[in-house]
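sequence and predicted structure are below.
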Protein chains: 2
Amino acid sequence: MKISELATKTRVPAKTIRYYETAGLLNTPLREANGYRCYSTDDIDTLIFIRRCRELNIPIDEIKQLVAVQRKPEASCDTVDNIIAEQLARVRQTQQELAQLEQALAMLATSCSHKQVQNCAILQSLKAD
Amino acid sequence: MKISELATKTRVPAKTIRYYETAGLLNTPLREANGYRCYSTDDIDTLIFIRRCRELNIPIDEIKQLVAVQRKPEASCDTVDNIIAEQLARVRQTQQELAQLEQALAMLATSCSHKQVQNCAILQSLKAD
DNA sequence: CTTGACCTTCCAGTTACTGTAAGCTTTATG
DNA sequence: CATAAAGCTTACAGTAACTGGAAGGTCAAG
C-alpha cells in the first residue's frame, strides 16, 4: 500500500508518517521500483498505536520505547507502567499549574472597568513585581 | 546599568534579555564605549512587566501589543481586555483537554496487573483504533 | 499529449528560549 | 605587572513535533 492509503487508514497525515520514519519511530519501508514507499498491514497497527499514544501526549522518545518493548513479548510490563505513570504525573503537574494560571487570569480579567489605558487595572497589576 | 545587573533586578536571565531584544520586545539599548549594553531604570519596569506576562503564559507577540498600547495612555483598554480574555480562554480550553487526558491515562494506569508484555492490558488498549 | 493527482527529497518556519563557541574587556589576585 | 577569572559581545545550533513549500519525478485519465 502507498503512503496516502496508509494515511487515510490510520488518520495520520502522509507528511507525519514520513516524519515518524526519520524520527526512528517507524521501520524504513520497502520501496517500489519507482521509489514510492510500500507499506504492509502491520504498519497500520503500529501507526494507529503511535497515534493513540500521541493523543495521550506521550513524547516520541517514549513511544519509541513502547514500540520496542512490544517486540519482546516475555518482558515485564514495568517499562509500560512507568511511561504511563510518568505521563499521568506530567499531566497532573500541568493541571495544577494551569489552575493557578486560570485563577490569576480570571482575577485580572474582571479587574478593569473599561477605562483608558492610563488607568487600566490590568496593566497596573502586571507592572507589580 | 549593565545587562547582568538588569538580569538580577528583574530575575530574567541575561540571555533571555538579549533574546527579547532581538524579538522586538525590548528597545535596543544604548551602548557604552566598549560595546556593552547600557540600561535605564525604565527598562527594569518593562522587563518585570514582560516577565509577569510570561508567567501568565501570554505569547510574546501579544506582550508586544501590551507593551505598545502602554505608550498611548489615552487609548481604550479593549486590546488589553481582549488579550487577557483570549489567554484565559486558551487556558480553559487546555484544562478541558488535560482533564480528558488525565481520565484516559488514569484508566490505563490501573488496567495492567503487572504481567508480561504479551498480555499487557495497557498495550492492548493502545492498539485499538 | 497534457493535465492533475501523487510521489520523492530537502529546506525553512513554528515557540521561546537555552547551550556552546570564539573572542573581546574588565576586574581581581599573586 | 602578568595573568586568570568573570563578564561582555556575536553567531550558530538545538529543543519537540510537526507543517509548509519548492522543485522535480511518476502515473492514470481524457
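That came through, no problem.

need the three-state assignment for the residue lying closest to residue A:44 once chain neighbours are set aside.
The shortest distance from residue A:44 to any residue other than its chain neighbours is 5.5 Å, reached at residue A:9 (CB to CB, 6 or more residues apart in numbering or on different chains). C-betas here are computed from N, CA, C, even on glycine. Of the three states, residue A:9 takes helix according to DSSP: H, G, I helix; E, B strand; the rest coil.

tell me the confidence at residue A:9?
The score at residue A:9 is 95. That number is its pLDDT.

next: residue A:80.
The per-residue pLDDT of residue A:80 was computed as 83.

before we move on, which element is it in?
Here residue A:80 is covered by helix A:78-111, with elements defined by DSSP states H and E.

buried set for that helix?
Residues A:79-81, A:83-84, A:87-88, A:90-91, A:94, A:98, A:101-102, A:104-105, A:108-109 are the ones in helix A:78-111 that count as buried (16 or more other CB atoms under 10 Å in any protein chain shown).

again with stretch A:47-63
By neighbour count with 16+ other CB under 10 Å, stretch A:47-63 contains the buried residues A:47-54, A:56, A:58, A:62-63.

let's see that stretch as CSV, backbone CA atoms only.
The C-alpha trace of stretch A:47-63 is given here as CSV (Å, rounded to 0.1, in the frame of the first residue of the first chain):
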residue,chain,number,x,y,z
LEU,A,47,0.8,3.6,13.2
ILE,A,48,-2.5,3.6,15.0
PHE,A,49,-0.7,2.6,18.2
ILE,A,50,1.6,5.6,17.7
ARG,A,51,-1.3,7.9,17.0
ARG,A,52,-3.2,6.8,20.1
CYS,A,53,0.0,7.4,22.2
ARG,A,54,0.4,10.9,20.7
GLU,A,55,-3.2,11.6,21.5
LEU,A,56,-2.2,10.9,25.1
ASN,A,57,0.6,13.4,24.7
ILE,A,58,3.3,10.7,25.2
PRO,A,59,6.6,12.0,23.8
ILE,A,60,8.1,10.4,20.7
ASP,A,61,11.1,9.1,22.6
GLU,A,62,8.9,7.2,25.0
ILE,A,63,6.6,5.9,22.2
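
run the contact check for it versus DNA strand D.
Yes: interface with DNA strand D: stretch A:47-63 contributes A:54, A:59-61 (CB under 7 Å from any atom of the strand).

got a list of contacts for that stretch?
Applying CB atoms under 8 Å, 6 or more residues apart in numbering or on different chains, the external contacts of stretch A:47-63 come out as A:6, A:10-12, A:17, A:20, A:23, A:25-26, A:66-67, A:83, A:86-87, A:90-91, B:101, B:104-105, B:108, B:126-129.

do that again at 7 Å, thanks
Contacts to stretch A:47-63, defined as CB atoms under 7 Å, 6 or more residues apart in numbering or on different chains, come from residues A:6, A:10-12, A:17, A:20, A:23, A:25, A:66, A:83, A:87, B:101, B:104-105, B:126-127, B:129.

quick check: residue A:62 vs residue A:68, distance?
11 Å (CB to CB, to the nearest Å).

tell me the SS of the spatially closest residue to residue A:21 that is not a sequence neighbour?
Here the nearest residue to residue A:21 in space, its sequence neighbours aside, is residue A:28; by CB to CB, 6+ apart that works out to 6.2 Å. Residue A:28 falls in the coil class when you classify it by three-state DSSP.

again, but for residue A:48
Three-state call for residue A:48 (three-state DSSP): helix.

got the residues of chain A near DNA strand C?
On the criterion CB under 7 Å from any atom of the strand, DNA strand C has as its neighbours in chain A the residues A:2-5, A:14, A:18, A:35-37.

so residue A:10 sits right up against residue A:44, yeah?
Yes: Residue A:10 sits in contact with residue A:44 when judged by CB atoms under 7 Å, with a separation of 5.9 Å.
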